[in-house]
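Engineer: coords below, sequence missing:
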C-alpha cells in the first residue's frame, strides 16, 4: 500500500501484514505503511538528485532526514542538502532548513555531538601536488592517487563538526605513512566517510572509506578503522581491511557499515558493486576494537551502502539496495542472515538503478522497532520520492 501522491503528513497505521522467516534468523516482521517525505520536481529524473536519504537523531527526540539534490559528483561536496524534520517518531515531516543548525549525529559521553564534515573539494590548480603514485578508473572516471604524507599540509586533514551549544568546524591531521589520497576531475576531495560508534570505555571507533594503501601494486579501494580516546579530537589508525579478493574486476571495498554487537565485537559490512558490474557484500568482524579484522566473507550477491542496526531485543538489522531496497535480519550476531525482504516492486531486476538509488538509512524507534528511509524513483506519482517506513521485528524463538 502506498500513500496518495503528494501526501506528506498523516497518521501512522501498522498494517496487518506479516512475513515469517524460519531459517537461521527466526523473526516475525511487521511493516508499517510507507510515508512520503519529499518529492522531486515532475521533470527531475537525473541521477544524483532527490536521492541518497540520510536519517539522523537530534536532540529532544527530533529526527532529521537529509536529501541530496545536487549532481553525484565531487564538485557537489560541501553543498547544502534538503532537510526534513519529524518530532513524532517519523509519522509526519516538514522541510526545515534551520534544523541542520541544531544538534544531531553522534552523541558523545561528554554531552557534545559530533559528525564528519564533507567539505568542498580543493581545486588542484590551487595547490602544488607531489608526483602521482598511481591511477584507477571507476565508473569510467579516472582517479589520480597521491601519497598522503607528500601532500600539502591542508590536504592531509579530516574534517568534523562539533556541537556544544553551536556547531564548530574542526580538522585533524590524518597520520598514515602508507595511505593514498585521490584527485578526480581537477579536484581533491578530503572525505572520511563511514560510521562512528561509542564503545563501553567511552572511546570512539570508526570504520571509514575511501582508503588506498601504498603496499598494493594495484590501488584497490579499501576500508580503515580508527579510534579516538578524547571525544574525537584526535584519531589513531588501528587497522585496515584491504581488498585482496580473487575477483580482480572490482574496484575494491567501499561504503562500510559498522555496528557494535551485544558481545562487544565489531561487525562490518562492505560493498563491492561498482562501475564494472554487480558485486557481493562482505562481512568482517573485530574482537579488539578494530585493530585486527577477520578475513572478509561474501554473504549476499549484491547490495550498496549497507546499513546496520542492533536492536535491544537482540535482532540485528541490515538494509541495502540496488536493485530496489532490501531488509535482512540476524539473530546470531550477523553470522547468518534471513532472506532479503524487498520493499519496492521491481519490474526488471536486471536494471539495478531503475527503481531506487539503493541507499537507505536506519534509526531505532524502540526495543523492537526502527525507521527506514529510502528513495523510490518510480512511485505512482511518477516523481522521484523519498519515503520512510516503520518496521517492527521480534525473534520467534
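Structural biologist: Alright, I've got the coordinates. Everything numeric in this text was worked out from a predicted model, so none of it was measured.
Engineer: so where's the chain uncertain?
Structural biologist: Along the chain, the parts satisfying pLDDT under 70 run over 1-25.
Engineer: residue contacts, the residue most central in space within it?
Structural biologist: The centroid of the chain falls nearest to residue 305 when counting by C-alpha atoms, centre = their mean (5.2 Å). For residue 305, the contacting residues are 255, 257, 271, 320-321, 358-360, by C-beta atoms under 8 Å, 6 or more residues apart in numbering. Where C-beta positions appear, they are placed from N, C-alpha and C, glycine not excepted.
Engineer: kindly recompute the last result at 6 Å.
Structural biologist: 255, 359 (C-beta atoms under 6 Å, 6 or more residues apart in numbering).
Engineer: report the distance from the strand or helix carrying it to the chain centre.
Structural biologist: Per DSSP states H and E, residue 305 falls inside strand 304-310. Here the centre of strand 304-310 is set off from its chain's centre by 7 Å, with C-alpha atoms, centre = their mean, to the nearest Å.
Engineer: can you list the strands that it pairs with?
Structural biologist: strand 316-321 (antiparallel) (DSSP bridges).
Engineer: who touches the partner strand?
Structural biologist: By C-beta under 6 Å, 6+ apart, strand 316-321 touches 303, 306-310, 326-328, 330, 334, 356, 358, 360, 362, 372.
Engineer: let's go with 7 Å and repeat that
Structural biologist: The contact list for strand 316-321 (C-beta atoms under 7 Å, 6 or more residues apart in numbering) reads 269, 281, 303-311, 326-330, 333-334, 337, 356, 358-360, 362, 370, 372, 374, 393.
Engineer: try stretch 351-359
Structural biologist: In contact with stretch 351-359 (C-beta under 7 Å, 6+ apart) are residues 51-53, 278, 304-305, 320-325, 344, 346, 348, 374-378.
Engineer: out of those residues, which are buried?
Structural biologist: Burial by neighbour count, 16 or more other C-beta atoms under 10 Å: within these this picks out 51-53, 304-305, 320-325, 344, 346, 374-378.
Engineer: so which of those are in strands?
Structural biologist: Among the buried ones among the contacts of stretch 351-359, the members found in strands (DSSP state E) are 51-53, 304-305, 320-321, 325, 374-376.
Engineer: could I get these as TSV with distance to residue 36?
Structural biologist: Output for those, formatted as TSV (distance: C-beta to C-beta, whole Å):
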residue	distance to residue 36
51	14
52	17
53	12
304	23
305	21
320	22
321	18
325	15
374	12
375	11
376	9
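Engineer: looking at the residues you listed, which is nearest residue 149?
Structural biologist: residue 305 (29.8 Å; C-beta to C-beta).
Engineer: for this protein, what spans make up the helices?
Structural biologist: Here the chain has no helices by DSSP state H.
Engineer: so what's residue 160 up against?
Structural biologist: Contacts for residue 160 (C-beta under 7 Å, 6+ apart) come out as 114-117, 170, 232.
Engineer: quick check: closest non-adjacent residue to it.
Structural biologist: Nearest residue to residue 160, sequence neighbours excluded (C-beta to C-beta, 6 or more residues apart in numbering): residue 170, at 4.6 Å.
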